[in-house]
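Undergrad: Sequence below, structure please.
(2 chains)
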Amino acid sequence: MISIYLKGDSWAHRTPAGIKLLSVALASLLLFQVASLWIFLPCLLAVVALYASLGREGLAQLKLLRGLTLFLAILLGLHWLSGTLMEGVAVVLRLVIMFLAANFVSVTTRLDDMLEAVRPLFLPLEWIGLSSRKPALGVALALRFAPHMMQVFSMLREAWQARTGSKTSWRLLAPFAVQSLRMSDNVAEALKARGGSEGLSGRAGNARSGSGFWR
Amino acid sequence: MTDRSLVHIAFYAALIAALGLVPPVAIPLTGGVPITAQTLGVMLAGVMLGPVRGGLAVLLFLFLVALGAPFLSGGRGGWGVFTTPSVGFLIGWPVGAFVAGWIMRATSDMNIFVATAVSAAIGGIVVVYAFGVPGVAIMAGLSLPKAALASVIYIPGDLVKVVLAALITQTVARGLPGAVLSRSSSGANDKMAD
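TA: Alright, predicted model coming up:
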């Protein structure tokens, strides 16, 4: 699984991606207008309730917050040092609410549906003569490249480990770059041989099948 | 934009993602602050691809993250990351890659190691922090100096990455000269692609 998407069929999963994205954007804008704990605390409860409505697995997604804790602690510390502790608490609460609300969309929306929902944003590309499907093809390509590159790197690392006994080294980065660049050249050739992105666009443009392989 | 360019852009977007999975290392040189390899990818995208493609590669990477791919270091991803205090740095990345690529092109008659180091330092550090520090200040409600103080611990790590970017680019220029697109004339490459 290469996404923070949580498989399921809850009410939130069935809500169209566009509506979820718009409501989170709106809610974030509103949150920036207020700075009162009495508004933030109910909001926090409401967001946690959203996760709870997905069941136990939904609540487990709150672990996504862990990556933020260190930063929030530093932030709180800085506010405490400058004597604005309460303001710091409000800021931290607002960040946590916004983060959880935004992640709720990612947790309940498949990446393909998200891509489909933001497709209209790329329509302006056609005014300058580019296909609005290129971003979708770019997404599909990058998602395919990423695991392959990790494989290349782990192979290099194993070889390095066998020779030196030490785990990893920056010395691996250059051969890694050269090897994976060669791979990208092969892909470019292969894409050209199959008619290029224009030839592919019928299929690649349809995000559902274009990047379906990694789901 | 040719298909070849699209593949290159996707390639560097994936490279930034892959570097995000390299576990953070704490080295004495950086005072024990863990550094991640991710911004190295941002520097490399600009330096290797040139301004436009480099900037687009970083944008594609951020687009993937926004769609929900957990590609930021520490397995972070999704819309949520654009609400955290580090959002300014994320916004600065594509601009930094653009500037790095632009300087790289402007210094094309300079020694490649020096040119890369200068480009990566200005694009990958100066520009990125110019966006990142105000971002921290706004999102965290801190004054600019305090926000800078909260960010400055990462500078030594970024300097290490500048050196790495220069070493890698130098090696690639030797082993696979065509891959340093910012140095080869892009017209020739486009012809090759079509």
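
Undergrad: Please make it C-alpha for all contacts and neighbour counts, starting now.
TA: Noted.

Undergrad: Put the alpha carbons of the helix or strand hosting A:Leu76 into CSV.
TA: In this structure, A:Leu76 is located in helix A:66-81 according to DSSP states H and E. Included here for helix A:66-81 are C-alpha records, laid out as CSV according to Å, rounded to 0.1, in the frame of the first residue of the first chain:
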residue,chain,number,x,y,z
ARG,A,66,2.9,11.4,15.7
GLY,A,67,5.0,12.8,12.9
LEU,A,68,4.0,16.3,14.1
THR,A,69,4.5,16.0,17.8
LEU,A,70,8.2,17.1,18.0
PHE,A,71,7.4,20.2,16.0
LEU,A,72,4.4,21.0,18.0
ALA,A,73,6.4,20.6,21.2
ILE,A,74,9.1,23.0,19.9
LEU,A,75,6.4,25.5,18.9
LEU,A,76,4.8,25.4,22.3
GLY,A,77,8.2,25.8,23.9
LEU,A,78,9.0,28.9,21.8
HIS,A,79,5.6,30.4,22.7
TRP,A,80,6.2,29.6,26.4
LEU,A,81,9.6,31.3,26.3
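
Undergrad: what helices or strands is it leaning on?
TA: Helices and strands in packing contact with helix A:66-81 are listed as helix A:85-108; criterion 3 or more Cα pairs under 8 Å, 6 or more residues apart in numbering or on different chains; DSSP states H and E.

Undergrad: Quick one: name whatever helix or strand follows the helix it packs on.
TA: helix A:111-118.

Undergrad: Just want the angle from that next one to helix A:85-108.
TA: Interaxial angle of helix A:111-118 relative to helix A:85-108 (axes from the mean of the first three to the mean of the last three Cα atoms, to 10 degrees): 110 degrees.

Undergrad: Identify the residue nearest A:Glu126 in space, chain neighbours excluded?
TA: A:Ser132 (6.0 Å; Cα to Cα, 6 or more residues apart in numbering or on different chains).

Undergrad: which ones are touching the one you found?
TA: A:Arg119, A:Phe122, A:Leu123, A:Pro124, A:Leu125, A:Glu126 (Cα atoms under 8 Å, 6 or more residues apart in numbering or on different chains).

Undergrad: Need the buried ones from those selected in PyMOL.
TA: The PyMOL command for the buried members of those (criterion: 16 or more other Cα atoms under 10 Å in any protein chain shown) is given here:
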select buried, chain A and resi 119
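
Undergrad: now stretch B:89-98, how far from the chain's geometric center?
TA: 7 Å (Cα atoms, centre = their mean, to the nearest Å).

Undergrad: just checking, A:Leu72 touches A:Leu93?
TA: No. Between A:Leu72 and A:Leu93 there is no contact under Cα atoms under 8 Å: 9.6 Å.

Undergrad: Show me where chain A dips below the pLDDT cut-off.
TA: Within chain A, the segments meeting pLDDT under 70 span A:1-3, A:67, A:197-215.

Undergrad: now for the longest helix out of those in it, which elements pack on it?
TA: As far as residue count goes, and with DSSP state H defining each element, the longest helix of chain A is helix A:134-164. The helices and strands touching helix A:134-164, judged by 3+ Cα pairs under 8 Å, 6+ apart, are helix A:173-193, helix A:196-204, helix A:207-210, helix B:3-21, helix B:51-67.

Undergrad: Of all the ones you listed, which one is nearest A:Ala27?
TA: Comparing these against A:Ala27 with Cα to Cα, the closest turns out to be helix B:51-67 (17.3 Å).

Undergrad: Among the contacts of A:Ser132, which are located in helices?
TA: A:Pro124, A:Leu125, A:Glu126.

Undergrad: mind listing what's buried in the helix holding A:Leu76?
TA: If you call a residue buried by 16+ other Cα under 10 Å, then helix A:66-81 has these buried ones: A:Leu68, A:Phe71, A:Leu72, A:Leu75, A:Leu76, A:Leu78, A:His79.

Undergrad: The fifth one is in contact with A:Gly88, isn't it?
TA: Yes. Counting by Cα under 8 Å, A:Leu76 does reach A:Gly88; the two are 5.4 Å apart.

Undergrad: mind checking pLDDT for the most centrally placed residue in chain B?
TA: When chain B is reduced to its mean C-alpha position, the nearest residue by Cα atoms, centre = their mean turns out to be B:Val42, at 1.3 Å. Reported pLDDT at B:Val42 in the predicted model: 94.

Undergrad: Okay, it and B:Pro94: tell me how far apart.
TA: Relative to B:Pro94, B:Val42 is positioned 8 Å away (Cα to Cα, to the nearest Å).

Undergrad: any common contacting residues for the two?
TA: Here B:Val42 and B:Pro94 have B:Val58 as joint contacts, going by Cα under 8 Å, 6+ apart.

Undergrad: B:Thr169 against B:Met48, yeah?
TA: Yes. Using Cα under 8 Å, B:Thr169 is in contact with B:Met48, at 7.3 Å.

Undergrad: A:Leu41: neighbouring residues, count only.
TA: Neighbour count for A:Leu41, taken as other Cα atoms under 10 Å in any protein chain shown: 14.

Undergrad: A:Ser82 now?
TA: Count around A:Ser82 with other Cα under 10 Å applied: 12.

Undergrad: Show the contacting residues for it.
TA: So A:Ser82 contacts nothing (Cα under 8 Å, 6+ apart).

Undergrad: Sketch out the low-pLDDT regions of chain B for me.
TA: Judged by pLDDT under 70, the stretches of chain B that qualify are B:1, B:22-35, B:185-194.
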